Structures are given as C-alpha cells and as structure tokens.
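Participant: okay, predicted coordinates and the sequence, questions at the end:
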Amino acid sequence: MQIYTKPEELRRLRHELTLAGKTLAVVPTMGNLHDGHLSLIEKAQSLADLVICTIFVNPSQFGPEEDLDAYPRTPDADLTALRRYHVDGVFTPGVEGMYPPGDETRVTVPALSERHCGAVRPGHFTGVATVVCKFLNMIQADFAVFGEKDFQQLAIIKRMVTDLFIPTEIHGAPTLRADDGLALSSRNAYLTGDERQRAPDLYRQLVLARDRILQGERDFEGLELSAQDALVRSGWRPDYFSVCSQQTLQPASATDTDLVILAAARLGQARLIDNLTLNLKG
C-alpha cells in the first residue's frame, strides 16, 4: 500500500493509470475507520482496478463549538485496516496541503444545504463540498464512494459534481448497522454504556415512521412531532426528524412518491444521524 501526502504524487499516479488503461476509485474519510468505512472500500473495489482512501480530518466542516480537537484519530489502526483490505493507496495530507496559505475559495450548494444538518451546523456543508471538490480535482478518480447514512451530504456531492462537470462518477453505499439497528459511525465512540443501549431508539423511530407511511399515513408533520416527542421522552435532544422528498430534501407533500426520512439527535456527548428511504410508487 502506497502512502501519498502531496497532490503531485496523485497526478503521477493518475497519469500512470491512464497510460495503463486502469480505473481508479476513491473513498474519502476522516479516519477512525470502522466496518462501515470498510464496506465503502469493498464497494469501491467492485468498481475500479485500484482504490485509494483519503484520511483527513477537515477543519472547515467543523463549527467553532464543535468537536474538531476531540474528533477520534486512530492513524495506526486505520493503516492496519486498509492494508488488511488490500487498499492500493492512502492519501493523508496535512491541513496546509489542503488549505495552502491565502486559501479563500469555497464551494456551496445552497438549496440542498439550507435545511436539516445545514440549519443546525451553519457552514458545515460548505466545508464538506469544498474539501470533496479538492479531493476529486487532485485525485481525478473515475469513481468515488460515499455512505448513504449521510444522505444529505451524498445529495450535495452529487449536485456539486453535476454542476461543476467533475468527471468522477459518484456512488452511494448502503448504511451498515449493528445487530440492534444502530448505524455505524465514528461518533458512536462518544456513547457511554447506558447510552449505547438506548442508541438504537433513533433507528426504531425511523422504522416506525416508515411503516406508518407505507400503511397509508400522510400526516407527515404529525409523524415528525410524534417521533421527536418519543425521543425526548427517552432522553434524546432531537435536532430534526423530517419526512422529505429525496430529490429536493424539502418537506414531502402527499403526492411525493420518493421519500427519505432524515433524523439527527443528540444523546449525551454524541450527535447521531440516520435516515431511511422509501418508494411509494405502485
């Protein structure tokens, strides 16, 4: 496994692969890798001849009151896991490598960013879109794989790639869950033992809302309020629980058929996000 730290190294790799007629996929991460990340790598390996994983804790997507310094960093364990999965390369730039002196350009996708996590974490998705745009420009991969657990993020990245004519094909990979339904996340490490027992509540509320919609319920606002109330009674602090159109991420109407239920809530020190999609056609 080759370790890259500079953009020019990635350009040489891309040139060599082009001459050899081989394809490249990238899996961008912030490290602290778990089985969910490794499932993205497996997806990438099914798409391309070679796979690169990035490890970079991106400061521009953290707000001033958020957990940048506390964000878990496990570089040795990450490299061991990537070698075990036969990843071909890992790109681990420093902050100045991604944001050189004088850096001021930012990428925004306003309509998809304004609600949900974008409303709760102002500037977060500008940081995400900017760093992903930089990675895609540096690596020039044929494919990039992101987790569907971050549904809003994935929608924003797809929109950005389309709008900016970036020639990288974006793929989503299904959310990987523990046996009790909890979506795997680096931030699960913040949960205490008791909180970990209660953490699947978020997924259970998503399932309850989905099942009621499939049974014909169309009072989406009532479903949202019911789920938030249930979470509060269980000791959660909900940021949002929203039934939306998959295409626009705007509140769903009774005529929408492709829906996504988006949720984010805090339990102790952890802020967890999750979602479920459903299709009402036919």
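Facilitator: Perfect, I can see it now.
Participant: CA atoms for contacts and neighbours, from now on please.
Facilitator: Fine.
Participant: so which bits of the one helix or strand His15 maps to are buried?
Facilitator: Element membership for His15 (DSSP states H and E) is helix 7-20. Buried residues in helix 7-20, counted by 16 or more other C-alpha atoms under 10 Å: 7, 10, 13-14.
Participant: okay, the helix or strand just after that helix in CSV with CA atoms only?
Facilitator: Where DSSP H and E defines the elements, the next helix or strand beyond helix 7-20 is strand 24-29. Provided in CSV are the C-alpha atoms of strand 24-29 (Å, rounded to 0.1, in the frame of the first residue of the first chain):
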residue,chain,number,x,y,z
LEU,A,24,-9.3,4.4,-10.0
ALA,A,25,-11.8,4.8,-7.2
VAL,A,26,-11.5,6.9,-4.1
VAL,A,27,-13.1,6.6,-0.7
PRO,A,28,-12.9,9.9,1.2
THR,A,29,-12.8,9.5,5.0
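Participant: for the next helix or strand after strand 24-29, buried residues please.
Facilitator: Using DSSP H and E, the helix or strand that follows strand 24-29 in sequence is helix 35-47. Buried residues in helix 35-47, counting neighbours by 16+ other C-alpha under 10 Å, are found at 36-45, 47.
Participant: circling back: residues in contact with the helix holding His15?
Facilitator: Applying C-alpha atoms under 8 Å, 6 or more residues apart in numbering, the set of residues contacting helix 7-20 from outside is 4, 23-24, 138-141.
Participant: pLDDT and distance to Asp219 for the buried residues of helix 35-47 - can I get that in JSON lines?
Facilitator: Shown next, in JSON lines, are the buried residues of helix 35-47 (pLDDT from 0 to 100; distance: C-alpha to C-alpha, whole Å):
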{"residue": "Gly36", "pLDDT": "93", "distance to Asp219": "33"}
{"residue": "His37", "pLDDT": "94", "distance to Asp219": "36"}
{"residue": "Leu38", "pLDDT": "92", "distance to Asp219": "38"}
{"residue": "Ser39", "pLDDT": "95", "distance to Asp219": "36"}
{"residue": "Leu40", "pLDDT": "97", "distance to Asp219": "35"}
{"residue": "Ile41", "pLDDT": "97", "distance to Asp219": "39"}
{"residue": "Glu42", "pLDDT": "97", "distance to Asp219": "39"}
{"residue": "Lys43", "pLDDT": "97", "distance to Asp219": "37"}
{"residue": "Ala44", "pLDDT": "98", "distance to Asp219": "39"}
{"residue": "Gln45", "pLDDT": "98", "distance to Asp219": "42"}
{"residue": "Leu47", "pLDDT": "98", "distance to Asp219": "41"}
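Participant: could these go into a markdown table alongside distance to Arg266?
Facilitator: Supplementary listing: those in a markdown table, determined by distance: C-alpha to C-alpha, whole Å:
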| residue | distance to Arg266 |
| --- | --- |
| Gly36 | 20 |
| His37 | 22 |
| Leu38 | 25 |
| Ser39 | 25 |
| Leu40 | 25 |
| Ile41 | 28 |
| Glu42 | 30 |
| Lys43 | 30 |
| Ala44 | 31 |
| Gln45 | 34 |
| Leu47 | 35 |
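Participant: the residue sitting nearest the centre point of the chain: what's it in contact with?
Facilitator: Among the residues of the chain, the one closest to the centroid is Asp150, at 3.6 Å (C-alpha atoms, centre = their mean). The contact partners of Asp150, by C-alpha under 8 Å, 6+ apart, come to 273-274.
Participant: where does the protein dip in pLDDT?
Facilitator: 282 (pLDDT under 70).
Participant: give me the domain ranges for it.
Facilitator: Domain segmentation of the chain under automatic domain parsing yields 2-173, 186-277.
Participant: including distance to Asp180, could those domains go into TSV?
Facilitator: TSV is the format used below for the domains of the chain (distance: least, C-alpha to C-alpha, whole Å):
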stretch	distance to Asp180
domain 2-173	15
domain 186-277	6
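Participant: quick one: which of those domains is nearest Asp179?
Facilitator: Shortest distance between Asp179 and those, using C-alpha to C-alpha, is found for domain 186-277: 9.7 Å.
Participant: the chain: strands as residue ranges?
Facilitator: 2-4, 24-29, 50-55, 89-91, 143-147, 169-173, 237-245, 258-267, 270-279 (DSSP state E).
Participant: and these: which comes nearest Thr105?
Facilitator: strand 24-29 (20.1 Å).
Participant: give the pairing partners of that closest one; include direction for each.
Facilitator: strand 50-55 (parallel), strand 143-147 (parallel) (DSSP bridges).
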